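Participant: could you look at this predicted model? Sequence included:
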There are 2 protein chains.
Amino acid sequence: MDPFGGRAVLVVGTGLVGTSLGLALTRAGVDVRLADAKPEFLAEAIRLGAGHAEPETPAEPAALAVVAVPPEAVATVVGEVMSGGRAEYATDVASVKVLPTTQVRERVPDPGRYVGSHPMAGREVSGPSAALADLFAGRPWVICPDDGTHQQAVTRALAVARLAGAVPMTMTATEHDAAVALVSHTPHVVAALMAGRLAGAPGHEVRLAGPGVTDVTRIAGGDPELWTEILTANAAAVRPVLAGLRSDLDRLMSALEAPVAGQPVLRELLRDGVDGRSRLPGKHGSARTEFGTVIVAVDDRPGQLAALFADAGAAGVNVEDVRIEHSPGEPIGLVELDVRPGAEDELTGSLRARGWTIRG
Amino acid sequence: MDPFGGRAVLVVGTGLVGTSLGLALTRAGVDVRLADAKPEFLAEAIRLGAGHAEPETPAEPAALAVVAVPPEAVATVVGEVMSGGRAEYATDVASVKVLPTTQVRERVPDPGRYVGSHPMAGREVSGPSAALADLFAGRPWVICPDDGTHQQAVTRALAVARLAGAVPMTMTATEHDAAVALVSHTPHVVAALMAGRLAGAPGHEVRLAGPGVTDVTRIAGGDPELWTEILTANAAAVRPVLAGLRSDLDRLMSALEAPVAGQPVLRELLRDGVDGRSRLPGKHGSARTEFGTVIVAVDDRPGQLAALFADAGAAGVNVEDVRIEHSPGEPIGLVELDVRPGAEDELTGSLRARGWTIRG
């Protein structure tokens, strides 16, 4: 099971990602060495079972170093680890790839022994105590080799991704950075700027907020320091996406200056939105499926959800997805159950027969 | 129970909102008359039980007409209904309020017998067959009287809102339009423009999309025709919100031109986003509560959710909210259970003891 043949993996940096990886690799039977400039992070990671402290003079270098430090520090740490004989190969897990791979190529003597990578997983909390052994389970883990990369570096980085339960994929560093600018960094900017509009708004306006604006701004709660670093490090890839967005915003605002004459532009931009939305991967990576939805009014008492799911299960209908909407000022929740198309009637009938209030 | 003392309520326009209101009022024991220029909509609404066709020569006028037609048609229909003696008072349910209230004041002989209103409820599907008797349950229903409005018009509109299960509140038409521009129309624009960026993107970029961009763009799937009408009708209130957004976007884009020097601006804008996000109402209209979260890995088989909720219920812990994340390419789901702060450990222990895989 251990593709490193009993040799150690070194994790440098025991924040959320490094400690989570240590937990996952330890669980998979890998000998994990841990290092961190912050002694309290290292101690917490060890206490949680993410590995043991890197020996001062290890008997042999680790098979791979996973460098889990901020993007701008990656090249320095990779250089230290490789020149000090602490690991044969190295990868990193930073959320941008052009910056660290370029800097490693410029600064590290044998850059082919390094390959950049990025597990697409995170939480809104940070530090070793937020670590989860399953953080990477089922998530994409992008690996970015270039022409000079040793195959062995890629093989070992792939092994780490698989042992952590992630779904590995490869692309160039430039492709990666453009992709995350589009699907992660720009959405964060958009959510933050929309949420920023709410910051100074009168209370009676905010009181009318419903599930729509709540969805749009959900990720805006992320750590401003972390996101400042991410946007700074990937500025070159984020700028063109924001420029395209701004151009569309200008067109829309012009259309609103002469609302009736501007309707064709509004319609076109809104249709583009529907098209783009339909391209997002749905369940299991397949194209988005339209589910049937059954909406049930549920009292806000312990055990109500359990009873509802038990009754749905008794109806023999698999619930594919579920959302709960809470009503302002009312001790009632609306539970939306997504089921395969066509199963709505069956589920509705069965739940009604068991006394549930179905909306509509 | 019937605040209209047995007198009828007339609903003009039997689309999603009109038919849903007919169902709700009928269920509450009100005599509901229905009218629609489209005979097939009227027939469907009657078939669903939303009321009966308005008699050609009713014995007495309805106590209130609820005009459920597009914003630009409201004043004409209100004028027809009142001058024809079909109802004593009138309200509408359009999603903007300045346009119809201004036009009613200009065009209708006795405008004080009309009051504008707006139930903050909807679905992404339309037409009478999408109607739900509970569409308005627990939702805000804004009523917008002005100095000339008869108290009886307000009283009757409030009665309709309450009978439909909504939470009535009053503000001026201008306040209403500014509020929905901020919390509904601008978020829709933002979601649509972000989703539009995905429309032409390469497949390998879209494949990296995760829950963040999915949340941000969720409402972008709404009907482009309907949203073109809404944005056109409320252009005056949407423009200043978008102008503020664009000004922030420009500042952020300038900061990204010189990323390191620009970091203070990035940090400030991202912090504004965190502040704005924290103002959104949480469960039951109270301030947002931080819940504890327990994440459970669940096989994608029928009955798994039912079993999970049954076991959570057996642990005596009330599940406050739930989200399901599907992993790309894997037949596994991660179910996030929100519980009151402090109850995580209890639930985690209890679920582990019952054989569930808890993340971390």
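Facilitator: Sure, I can see it. Everything numeric in this text was worked out from a predicted model, so none of it was measured.
Participant: what helix or strand is A:V160 on?
Facilitator: helix A:151-163 (DSSP states H and E).
Participant: what residues are up against A:R354?
Facilitator: A:311, A:314 (CB atoms under 8 Å, 6 or more residues apart in numbering or on different chains). Just so you know, the C-beta spots here come from the backbone N, C-alpha and C atoms, and that holds for glycine as well.
Participant: roughly how far apart are it and chain B?
Facilitator: Going from A:R354 to chain B by CB to the nearest CB, to the nearest Å gives 13 Å.
Participant: distance of that residue from B:A94?
Facilitator: 38 Å (CB to CB, to the nearest Å).
Participant: would you map the strands across the stretch 201-350 of chain A?
Facilitator: Assigned by DSSP state E, counting those that start in this stretch, the stretch 201-350 of chain A shows strands spanning A:292-299, A:321-326, A:332-339.
Participant: least reliable of those going by mean pLDDT?
Facilitator: Of all those, mean pLDDT reaches its minimum on strand A:321-326 (a mean of 68).
Participant: re the thing from before, let's have the strands of the stretch 201-350 of chain A in JSON lines, adding distance to A:M171 and mean neighbour count.
Facilitator: Formatted as JSON lines, the strands of the stretch 201-350 of chain A follow (distance: least, CB to CB, whole Å; neighbours: other CB atoms under 10 Å in any protein chain shown):
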{"stretch": "strand A:292-299", "distance to A:M171": "36", "mean neighbour count": "19"}
{"stretch": "strand A:321-326", "distance to A:M171": "29", "mean neighbour count": "18"}
{"stretch": "strand A:332-339", "distance to A:M171": "32", "mean neighbour count": "21"}
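Participant: so which of those gets nearest chain B?
Facilitator: When the strands of the stretch 201-350 of chain A are compared by CB to the nearest CB, strand A:321-326 sits nearest chain B, at 4.4 Å.
Participant: where does pLDDT dip in chain A?
Facilitator: A:1, A:123-124, A:281-291, A:300-302, A:325-333, A:360 (pLDDT under 70).
Participant: correct me if wrong: A:V142 contacts A:T170.
Facilitator: Yes: using CB atoms under 8 Å as the test, A:V142 is close enough to A:T170 to be in contact (7.2 Å).
Participant: ok, the two, which is more surrounded?
Facilitator: Neighbours per residue, other CB atoms under 10 Å in any protein chain shown: of A:V142 and A:T170, the larger number sits with A:V142, 26 against 17.
Participant: what backbone torsions are found at A:A62?
Facilitator: phi -70, psi 150 (degrees, to the nearest 10).
Participant: repeat that for the one 3 residues further on.
Facilitator: Here is the backbone geometry of A:A65 (degrees, to the nearest 10): phi -100, psi 130.
Participant: contact partners for it?
Facilitator: Per CB under 8 Å, 6+ apart, neighbours of A:A65: A:9-12, A:78, A:81-82, A:86-87, A:89-91.
Participant: between these, which is closest to B:N318?
Facilitator: A:V11 (38.2 Å; CB to CB).
Participant: how near is the closest one to A:V32?
Facilitator: 6 Å.
Participant: and for these two, which residues touch both?
Facilitator: A:22, A:25, A:50-51.
Participant: in helices only, show me the residues you listed.
Facilitator: A:22, A:25 (DSSP state H).
Participant: mind picking the two most distant members of the shared contacts of A:V11 and A:V32?
Facilitator: Counting by CB to CB, the most remote pair of the shared contacts of A:V11 and A:V32 is A:L25 and A:A50, 8.4 Å apart.
Participant: ok, back up a step: which of A:V11 and A:V32 has more neighbours?
Facilitator: The neighbour count for A:V11 versus A:V32, taken as other CB under 10 Å, is higher for A:V11 (30 against 26).
Participant: the more buried one contacts A:R33, correct?
Facilitator: Yes: between A:V11 and A:R33 there is a contact at 7.1 Å, judged by CB under 8 Å.
Participant: what is the burial count for A:G5?
Facilitator: The number of residues packed near A:G5 is 6, by other CB under 10 Å.
Participant: got it, and the one 4 residues further on?
Facilitator: When neighbours are counted by other CB under 10 Å, A:V9 registers 26.
Participant: which residues touch it?
Facilitator: Counting by CB under 8 Å, 6+ apart, A:V9 has contacts A:25, A:30-33, A:62-66, A:160.
Participant: again with A:D92
Facilitator: So A:D92 contacts A:66-69, A:74, A:78, A:100, A:114, A:116-117 (CB under 8 Å, 6+ apart).
Participant: let me know the closest of these to chain B.
Facilitator: A:S117 (13.2 Å).
Participant: quick revisit: inside strands: which ones of the contacts of A:D92?
Facilitator: Cross-referencing those against strands under DSSP state E gives A:66-67, A:114, A:116-117.
Participant: pull out the buried residues from those.
Facilitator: In the ones in strands among the contacts of A:D92, burial by neighbour count holds for A:66-67, A:114, A:116-117, counting by 16 or more other CB atoms under 10 Å in any protein chain shown.
Participant: got JSON lines for those, with distance to A:A137 too?
Facilitator: Formatted as JSON lines, these follow (distance: CB to CB, whole Å):
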{"residue": "A:V66", "distance to A:A137": "17"}
{"residue": "A:V67", "distance to A:A137": "22"}
{"residue": "A:Y114", "distance to A:A137": "26"}
{"residue": "A:G116", "distance to A:A137": "22"}
{"residue": "A:S117", "distance to A:A137": "17"}
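Participant: picking up where we left off before, buried subset of the contacts of A:V9?
Facilitator: A:25, A:30-33, A:62-66, A:160.
Participant: what's the burial count for whichever residue of the stretch 51-200 of chain A sits closest to chain B?
Facilitator: Closest residue of the stretch 51-200 of chain A to chain B, CB to the nearest CB: A:G138 (2.5 Å). Residues contacting A:G138 under the criterion other CB under 10 Å number 22.
Participant: which of the helices or strands spans it?
Facilitator: Remark: A:G138 resides in no helix or strand, with elements defined by DSSP H and E.
Participant: go ahead and confirm it touches A:R162.
Facilitator: No: in this structure, A:G138 is not within contact of A:R162 by CB under 8 Å, at 12.0 Å.
Participant: list the contacts of A:L351.
Facilitator: Taking CB under 8 Å, 6+ apart as the test, what A:L351 contacts is A:294, A:296, A:308, A:311-312, A:315, A:358.
Participant: go again with 6 Å.
Facilitator: A:D311 (CB atoms under 6 Å, 6 or more residues apart in numbering or on different chains).
Participant: helix, strand or coil for it?
Facilitator: helix (DSSP: H, G, I helix; E, B strand; the rest coil).
Participant: from B:A195, how far out is the closest residue to A:R271 other than its chain neighbours?
Facilitator: Closest residue to A:R271 apart from its sequence neighbours, by CB to CB, 6 or more residues apart in numbering or on different chains: B:P224 at 4.8 Å. Taking CB to CB as the measure, B:P224 falls 11 Å from B:A195.
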